[in-house]
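>>> Structure for this input, please:
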Amino acid sequence: MKIQTKKAFFDEPLYLESGRILQPFEVMYETYGELNSDKSNVIIITHALSGSHHAAGTYDGDRKAGWWDDFIGDGKAVDTTKYFVICMNNIGSCFGSTSPQSINPATQEPYRLRFPVLTISDIVKAQIRVLKSLDINNVFAVIGGSMGGMQALCYAIEYPTFAKQIITLATTAYTRPWAIAYNKVVVEAIKNDPEFKDGYYDPKDIEKNGLNGLAIGRMAGHISYLSPHSMDDKFGRRYVNNDGLYELFGRFEVERYLEYNGYRFPHNFDPLSYLYIVKTMNIFNASRGSDTLSQSLAKIKSKLHLISFSGDRLFMPCEMEEIRDTMIENGQQELVTYKMIQSDYGHDAFLVEVDKFEDYIKDILDE
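Residues are numbered from 1 along each chain as shown. Okay, here's the model as predicted:
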């Protein structure tokens, strides 16, 4: 599989939904496969909260492949012998695109808390700018899960003739209080960590030493990404072998799992980016700018495919069913399909249990 990593630079302004302007800005992106002569084989992959442009394949020295490597590649569900696949790092993220740690041209210092709050629409608008710079004016498909699914839905509503197929997995039309509540734990944990220093920490210090606030918040996030069933299967009531049962801080295996993933995370992800991304997800509402969700979804002209997971406790199946039902009520039944995948894994099933939906997506793309 041919992999290329590039960075697009734009000196012209990006007008944001908040009324602010981002100028200049950069977007890091990765491509897989070959673009055909009429540019009709383009598939956009949109990533979730902590994802990046590195969706598939490996580079020399990589410890693990891209985050959706089971799904994207030669002969896989998104077959890179047939399709030219692009995954762009969201603006606001910390993997090469313009973010809170980027230099503010007005001050020649990092933006930090002066960085503008972004919306999903802003992120997609920046992606469209990248695609236009490559002379790509429409695409075959957009595929994304979770926050990536929000972006895919945004493409469908705000750019209704841009893609033939839109595939969203484990997502929602608007973020509910349940998800916002989990995110609140992360925000408060980061803000109240003394080492956060009101956003004026040295990123190199965080990379070296971590940040306990972000680690604790990430533990809360991991709980929302799994489900009671998957935790029972994965950990049961097993106790860490070398911890005493009657030691106050002795741990169950599930506790050790949360510690491992929580405390490792801040070494690889910027706390300010995390705060800004969580805010973007919290304020997401597909009907923003329209009176109702029905009016917003009525703009869709692409074929929209909705895939939920039965064990998802973050964005529950009923949230995607609402999108389907609203489109049917609109008389758009020919434009929408819905499938619920039986899974006890939880929200992260769209990343982990690719084998349960890869054939279904192959069939959609082969249509």
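>>> Kindly provide the whole-number mean pLDDT of stretch 347-360.
Averaged across stretch 347-360, pLDDT comes to 97.
>>> End to end on that stretch, go ahead and measure it.
Stretch 347-360 has an end-to-end distance of 19 Å (criterion: C-alpha to C-alpha, to the nearest Å).
>>> mind listing what's buried in that stretch?
Under the neighbour-count criterion of 16 or more other C-beta atoms under 10 Å, stretch 347-360 has His347, Asp348, Ala349, Phe350, Leu351, Val352, Glu353, Val354, Lys356, Phe357 buried. Glycine gets a C-beta too; all of them are placed from N, C-alpha and C.
>>> can I get those residues in a markdown table with secondary structure?
Formatted as a markdown table, the buried residues of stretch 347-360 follow (DSSP: H, G, I helix; E, B strand; the rest coil):
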| residue | secondary structure |
| --- | --- |
| His347 | coil |
| Asp348 | coil |
| Ala349 | helix |
| Phe350 | helix |
| Leu351 | helix |
| Val352 | helix |
| Glu353 | coil |
| Val354 | helix |
| Lys356 | helix |
| Phe357 | coil |
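>>> ok, so of those, who is nearest Phe309?
Distances from Phe309 to the buried residues of stretch 347-360, taken as C-beta to C-beta, are shortest for Ala349 (4.3 Å).
>>> which residues touch that closest one?
Going by C-beta atoms under 8 Å, 6 or more residues apart in numbering, Ala349 touches Ala170, Phe309, Gly311, Asp312, Ile341, Ser343, Lys356.
>>> Top of those residues by number of neighbours, please.
Ala170 (31 neighbours; other C-beta atoms under 10 Å).
>>> Let me know the pLDDT of it.
Per-residue pLDDT puts Ala170 at 98.
>>> Apart from its neighbours in sequence, what residue is nearest it?
Once flanking residues are discounted, Ala170 sits nearest to Phe350: 4.4 Å by C-beta to C-beta, 6 or more residues apart in numbering.
>>> ok, now Trp68?
Counting by C-beta to C-beta, 6+ apart, the residue nearest Trp68 is Ala55, at 4.8 Å.
>>> and that neighbour, what does it touch?
Contacts of Ala55 (C-beta under 8 Å, 6+ apart): Glu30, Tyr32, Ile45, His47, Gly66, Trp67, Trp68, Asp69, Ile72, Val85, Cys87.
>>> Phe269 touches Gly51, doesn't it?
No: the criterion here is C-beta atoms under 8 Å, and Phe269 misses it with Gly51 at 10.6 Å.
>>> more neighbours, those two?
Ranked by neighbour count (other C-beta under 10 Å), Phe269 and Gly51 place Gly51 first, with 24 against 21.
>>> pretty sure the more buried one belongs to a helix, no?
No: with three-state DSSP as the criterion, Gly51 is coil rather than part of a helix.
>>> From Met150, how far out is it?
13 Å (C-beta to C-beta, to the nearest Å).
>>> residue ranges with poor pLDDT in the stretch 201-350 of the chain?
For the stretch 201-350 of the chain, applying pLDDT under 70 flags no range at all.
>>> residue ranges of the helices in it, please?
Secondary structure of the stretch 201-350 of the chain (DSSP state H, counting those that start in this stretch): helices at 203-209, 212-225, 228-234, 253-264, 271-282, 293-297, 317-329, 349-352.
>>> Relative to Tyr239, how far out is the most far-flung residue of the chain relative to its centre?
No residue in the chain sits farther from the centre than Tyr246, which is 40.7 Å out by C-alpha atoms, centre = their mean. Separation of Tyr246 from Tyr239 (C-beta to C-beta) stands at 11 Å.
>>> again with Asp325
Separation of Asp325 from Tyr239 (C-beta to C-beta): 46 Å.
>>> Please verify my assumption that Val352 contacts Ile341.
No: using C-beta under 8 Å, Val352 makes no contact with Ile341, being 11.6 Å away.
>>> how about the helices in the stretch 51-200 of the chain?
Going by DSSP H, counting those that start in this stretch, the stretch 51-200 of the chain shows helices at 120-133, 147-158, 177-191.
>>> how about the CA coordinates for the shortest one, as CSV?
What that stands for is helix 147-158. Provided in CSV are the C-alpha atoms of helix 147-158 (Å, rounded to 0.1, in the frame of the first residue of the first chain):
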residue,chain,number,x,y,z
MET,A,147,-16.5,12.4,16.3
GLY,A,148,-15.5,11.3,12.8
GLY,A,149,-19.1,10.4,12.3
MET,A,150,-20.1,13.9,13.3
GLN,A,151,-17.9,15.2,10.6
ALA,A,152,-19.3,12.7,8.1
LEU,A,153,-22.8,13.9,9.0
CYS,A,154,-21.7,17.5,8.6
TYR,A,155,-20.5,16.7,5.0
ALA,A,156,-23.9,15.2,4.2
ILE,A,157,-25.8,18.3,5.5
GLU,A,158,-23.5,21.2,4.6
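>>> So for it, mean pLDDT?
Averaging pLDDT along helix 147-158 yields 98.
>>> picking up where we left off before, in CSV, list the contacts of Ala55 along with neighbour count.
What follows is the contacts of Ala55, written out as CSV (neighbours: other C-beta atoms under 10 Å):
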residue, neighbour count
Glu30, 22
Tyr32, 24
Ile45, 28
His47, 25
Gly66, 25
Trp67, 20
Trp68, 27
Asp69, 17
Ile72, 27
Val85, 26
Cys87, 28
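>>> That's all I had, so thanks and see you.
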